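Using only what follows, build the 3D model:
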Amino acid sequence: MQGKALELAAKTTFGLPARQMVNLRWFGHLAGGQLRLLAGPLPGEFTHSLWPVLVIAFFMAGPLPAATLAAQAGLGAQEISNRDLGRKALETAVTYVKSPDSDIRALAAGVLGRTGNKAAAGLLKKLLADPDKHTRIAAAESLWKLGETGGLRIIYSIINDVPAQGPVGNTALVELKIISQNKIREHAIEAYARIKGEKASEFLFKLKNDAYGSIRDVAARELSRLGYSGEMAQFLYALESEDEAIRYASVKVFARICNSRAVKPLGALLMKETSSRVKIAALDALKCMDARKDAIAELLKLADDANPSIRFKAVGVLSAIRNKKAFEKLKEIYGETTDLNLKIAMLKGLMSGGQAPDKDLLDRAFASANPDVKTEALKVLESMAEAEVKPYLRDALSDSSVNVRLAAALQILKRFARQQTQSGKGQ
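Here you go, the predicted model:
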């Protein structure tokens, strides 16, 4: 239909014969109002007529069917090798390591550490002298992931950089500086605990005597993550508080430490909690816990909740559970809803249960203007075959969102690093 519409549009608008008609192959496809060039350049004789023909053809024929889009995506996948895709992904991460935005530098440093590519160590070592301390911490932790322990001294120095205890009547500016400095120390303590694991406990117990309450709290939280029941008990007790703010703060702690001992208490909380924000935070906490399946009864109920945010979060947790009841619930909701966010949140869980990837849904997700939807769609790609995902990953590297670009870069580097290394050795 699209070919006939283009032919008719070309003839009626410009009197062009069929053999000179603009070929779909030359200018890709229209999807979600976006033009994607798959090959070029266009022949000069058609340059002046491209847009009128496209617009007329689009309204006469409508958007291309999903099968055509998938076929064209397959054509695009042949245009770039694994090595070239890996190189582009690495260039993306390296570019953002040099960003003037410190948050982006820290994010890019984290990506380089998660790739497992030891060649990134040199660049990460330079970031240990970054003017932003959060970036230094991210670089130090990434170096540890690559087998380098040199960044630990940076983390120690930041933790031990205790703000001076001023007079009782500190100015507002001084207090803000103290809060900011302690936030950096908290980040460093978290990184230290992840790096050292159980060996961090001695130092964490010492930090429970720190002059600042926020530091004592983070030390207790990290000890809870390591399984120290005495420290964890206080956070479990806080779940029963009549004060919503305290319950919320406690649930947020469990979302960070991901200790499965809290699954049943969180499940019980969900059934009696009246605050939406506490419920949402509790669902975030359950999602990161290995024993989340123990709360499946509560999750199945919340998957039908009237609040769309709670429903979305519950579905996200169910998608991470390998269970027949969870799968059937996801399948039921997937067939009923038209919500793109909700369907993407369920797709990976359904695929783990044997359902085939929904290419049409993925096309819609990556055409979305919402970077969160694209980031979730990238997670779905992790379970798919290389040939199917390459066009999506390639395009995601050019996305308008930094988070999407870096998430795509990370997946590419993890997928193709081995082939890239082998190819490099062969030259």
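
Pass me the low-pLDDT residue ranges in this structure, would you?
Counting by pLDDT under 70, the ranges of the chain that qualify are 1-79, 166-169, 417-427.

most centrally placed residue in it?
For the chain, the residue nearest the mean C-alpha position is residue 375 (4.9 Å; CA atoms, centre = their mean).

Check which helices and strands the helix or strand containing residue 135 is in contact with.
Assigned by DSSP states H and E, residue 135 belongs to helix 133-145. Applying 3 or more CB pairs under 8 Å, 6 or more residues apart in numbering; DSSP states H and E, one finds that helix 133-145 makes contact with helix 102-114, helix 121-127, helix 152-159, helix 172-196. C-beta: built from backbone N, CA, C; applies to glycine.

quick one: contacts for the closest residue to the residue nearest to the centre of the chain other than its chain neighbours?
Excluding the flanking residues, the one nearest residue 375 by CB to CB, 6 or more residues apart in numbering is residue 407, at 5.5 Å. Counting by CB atoms under 8 Å, 6 or more residues apart in numbering, residue 407 makes contact with 375, 378, 396.

Next, find the distance separating residue 409 from residue 117.
11 Å (CB to CB, to the nearest Å).

quick revisit: which residues sit in contact with the residue nearest to the centre of the chain?
403-404, 407.

Also residue 261?
227, 229, 232, 236.

tally of neighbours for the second one?
Taking other CB atoms under 10 Å as the neighbour definition, residue 229 ends up with a count of 11.

So the residue nearest to it when sequence neighbours are not counted versus residue 154, what's the distance?
In this structure, residue 229 finds its nearest non-sequential neighbour in residue 261, 8.0 Å apart by CB to CB, 6+ apart. Look at residue 261 and residue 154: by CB to CB, they are 33 Å apart.

Kindly report the same for residue 286.
Residue 286 is 34 Å from residue 154, where distance means CB to CB.

wouldn't residue 134 be in contact with residue 104 here?
No: in terms of CB atoms under 8 Å, residue 134 does not count as a neighbour of residue 104; the distance is 11.3 Å.

List the buried residues of stretch 204-218.
In terms of neighbour count (16 or more other CB atoms under 10 Å), stretch 204-218 has its buried residues at 204, 207, 210, 212, 215, 217-218.

Give me the subset of these that lies in helices.
204, 207, 215, 217-218 (DSSP state H).

Which helix or strand contains residue 409?
helix 402-425.

For the nearest residue in space to residue 103 that is not next to it in sequence, the count of nearby residues, please.
Excluding the flanking residues, the one nearest residue 103 by CB to CB, 6+ apart is residue 134, at 7.7 Å. By other CB under 10 Å, the residues close to residue 134 number 19.

Check residue 394 too.
20.

from the chain's centre, how far out does the helix or strand it falls within sit?
Applying DSSP H and E as the criterion places residue 394 in helix 386-396. What separates the centre of helix 386-396 from the centre of its chain is 16 Å, taken as CA atoms, centre = their mean, to the nearest Å.

ok, residues contacting that helix?
36, 73-74, 76-77, 80, 82, 85, 88-89, 357, 359, 362, 366, 374, 377-378, 381, 404-405, 407-408, 411-412, 415.
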